[in-house]
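A.B. asks: quick check, what structure comes out for this input:
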Amino acid sequence: MKSFAYYQPTRIIFGQDKSEEIGQLAAAFGRKCLLVTTPEIPELLSGFEIVVKSLKRQGISVVHFSEVVPNPTVENVAKGSALAKKEKVEMVIGFGGGSSIDSAKAIAVEATHPDSCWAYLFSSRNQPTAATLPIIAMPTTSGTGSHVTQVAVVTNPQEKYKSALFSNFLYPKIAIVDPKNMLTLPHRMTAVTGFDAFSHAFETFINPNSSPYTDILAFEAMRIVINYLPETVINGQKMENRSWMAWADTLAGLSIANGGVTLPHGIAMATGGLFPHVAHGEALAAVYPAMIEYTYKFSSERFAAVARLFDRSLEGRSDDEAAKKLVEIIPDFLEKIGLRLHLSNFGIKGEELENLAEASMVLPDYKNHPRVANKKQIYEILKRSY
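C.D. replies: Numbering: from 1, shown residues only. As a prediction, the model looks like this:
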């Protein structure tokens, strides 16, 4: 049995109507907060109002930054940071999907450090310090896992590069996971974020850095997504569905925080940097079938275990046989949730695939894949995904 360490400092508050407790929980960190959201989304208005009322009941002043964009940019974070510094806020609350929570994390760093958030990427000598403002995360989607990780993903449009801050100071102090906030999530976004949760769990499970602890979390996250995502895409108003998907997302986030992702996430991150209109979960969906085919022989025991989650009839088959079946199972699952996609669906040109292959090797994720790929092999995966 391998040795391992597991670290998770975020206090998780999970359950229906737990958003109403935000004021009481936030009071421990001060009397003025920056509430970070996208521009007003009618479907989230009631949840937003609950949060604001709860904060104000506890005497907490609310400064609202509502300019979060998908694939948050350094310019976007700079605006929020300037507002946080001007108003002298004592904490940052991210209410929304992964973009809102990642923006909140990056703002918490830039508002208390001398340089742009881009100067504190995981690969930089400069790293966030204990000066980072306390972060509270309130997810409204079930997929990014950002509410329980030490990562904040940001994009630099000038460099056409998407990267991440990575520091234990970016773990939210509190994550309030209220499935009620996910009830109005559109069908498409339910599928996109739900598959992202599956990908987090799957990639942690096949990652050499996995541990007996993350195996438990990742395996359960995958089981839940397989059982509940197809129905949730169809019937998102059912609280039971949303609750299970919110839990799967949380488990998957806890997995990647200590295990990490692999090649598909490196490709998806590069895709978001070069083509910001492509949602992260869409990029993953486009490359997963080809990735499975490329990899299954090199981690047959793990791939077989996942295949058997989908199809119990594989219990009596060898690992090699069951692992190979995943080549068929994953595209079928994507079809079922409406995400059987190709890179060409996003307007990406064939001649751009070589640049995308090169960009996919900038982040170290590909090095943790069971079958480490070189640029030529990544290019072949992209061609088969095109």
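A.B. asks: give me the nearest residue to S199, chain neighbours excluded.
C.D. replies: Distances taken as CB to CB, 6 or more residues apart in numbering place L284 nearest to S199, at 4.9 Å, with adjacent residues excluded. For glycine as for every other residue, the C-beta is placed from the backbone atoms N, C-alpha and C.
A.B. asks: how far away is W118 from N76?
C.D. replies: The span separating W118 from N76 equals 12 Å under the rule CB to CB, to the nearest Å.
A.B. asks: looking at stretch 167-183 now, give me its mean pLDDT.
C.D. replies: Per-residue confidence for stretch 167-183 averages out to 97 on the pLDDT scale.
A.B. asks: ends of that stretch, what's the gap?
C.D. replies: End-to-end span of stretch 167-183 (CA to CA, to the nearest Å): 31 Å.
A.B. asks: run the chain-centre distance for that stretch.
C.D. replies: Computed by CA atoms, centre = their mean, to the nearest Å, the separation of stretch 167-183 from the middle of its chain amounts to 12 Å.
A.B. asks: can you give me the buried ones in the helix or strand harbouring A201?
C.D. replies: Per DSSP states H and E: A201 is located in helix 187-206. Of all the residues in helix 187-206, those buried under the rule 16 or more other CB atoms under 10 Å are 189-206.
A.B. asks: do stretch 34-47 as well
C.D. replies: Neighbour counts using 16+ other CB under 10 Å place 34-38, 44, 47 of stretch 34-47 among the buried residues.
A.B. asks: do the same with stretch 124-144
C.D. replies: 127-128, 132-144.
A.B. asks: just the helices in this protein please.
C.D. replies: When secondary structure is read from DSSP state H, the chain shows helices at 22-26, 45-57, 74-87, 98-110, 187-206, 212-234, 239-258, 263-274, 280-295, 300-310, 319-336, 353-359, 375-384.
A.B. asks: now the angle from the fifth one to helix 319-336?
C.D. replies: This points to helix 187-206. 160 degrees (axes from the mean of the first three to the mean of the last three CA atoms, to 10 degrees).
A.B. asks: tell me which other helices or strands helix 187-206 touches.
C.D. replies: Counting contacts by 3 or more CB pairs under 8 Å, 6 or more residues apart in numbering; DSSP states H and E, the secondary-structure elements packed against helix 187-206 are helix 212-234, helix 239-258, helix 263-274, helix 280-295, helix 300-310.
A.B. asks: turn the ones you listed into TSV, columns for distance to E380, mean neighbour count and mean pLDDT.
C.D. replies: Putting these into TSV (distance: least, CB to CB, whole Å; neighbours: other CB atoms under 10 Å; pLDDT from 0 to 100) gives the following:
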stretch	distance to E380	mean neighbour count	mean pLDDT
helix 212-234	27	20	98
helix 239-258	26	25	98
helix 263-274	12	25	96
helix 280-295	8	25	98
helix 300-310	19	21	98
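A.B. asks: closest to L170 out of those helices?
C.D. replies: The stretch from those with the least distance to L170 (CB to CB) is helix 239-258; that distance is 10.3 Å.
A.B. asks: and the buried residues of stretch 34-47, which is closest to A152?
C.D. replies: The shortest approach to A152 among the buried residues of stretch 34-47 belongs to V36, at 11.5 Å (CB to CB).
A.B. asks: double-check that closest one against F95; I have them as touching.
C.D. replies: Yes. Because the distance of 6.9 Å satisfies CB atoms under 8 Å, V36 is recorded as touching F95.
A.B. asks: okay, now D320: neighbour count?
C.D. replies: The criterion is other CB atoms under 10 Å. On that basis, D320 has 13 neighbouring residues.
A.B. asks: can you tell me which residues contact the residue nearest to it when sequence neighbours are not counted?
C.D. replies: In this structure, D320 finds its nearest non-sequential neighbour in S300, 5.2 Å apart by CB to CB, 6+ apart. Residues in contact with S300, defined by CB atoms under 8 Å, 6 or more residues apart in numbering, are 319-320, 322-323.
A.B. asks: how near is S300 to G80?
C.D. replies: As defined by CB to CB, S300 lies at a distance of 46 Å from G80.
A.B. asks: check M1 too.
C.D. replies: Taken as CB to CB, the spacing of M1 relative to G80 amounts to 45 Å.
A.B. asks: so for those two, which sits in the more crowded spot?
C.D. replies: Of the pair M1 and G80, G80 is the one with more neighbours under other CB under 10 Å, namely 26 against 5.
A.B. asks: just the pLDDT at the most centrally placed residue in the chain, thanks.
C.D. replies: The chain has T144 as the residue nearest its centroid, 2.2 Å off, counting by CA atoms, centre = their mean. With respect to pLDDT, T144 scores 94.
A.B. asks: how near is it to R223?
C.D. replies: With the distance defined as CB to CB, T144 ends up 20 Å from R223.
A.B. asks: try A108
C.D. replies: Look at A108 and R223: by CB to CB, they are 34 Å apart.
A.B. asks: what's the answer for A290, then?
C.D. replies: Computed as CB to CB, the A290 to R223 distance reads 24 Å.
A.B. asks: and for K18?
C.D. replies: Per CB to CB, K18 is found 24 Å from R223.
A.B. asks: which residues touch the nearest residue to H200 once chain neighbours are set aside?
C.D. replies: For H200, ignoring the flanking residues on the chain, the nearest one in space by CB to CB, 6+ apart is A252 at 3.9 Å. Counting by CB under 8 Å, 6+ apart, A252 touches 145, 197-198, 200-201, 204, 217-218, 221, 225.
A.B. asks: low-confidence stretches in the protein?
C.D. replies: The model of the chain has no residue with pLDDT under 70.
A.B. asks: per-domain residue ranges of it.
C.D. replies: Following automatic domain parsing, the chain resolves into domains at 11-182, 187-384.
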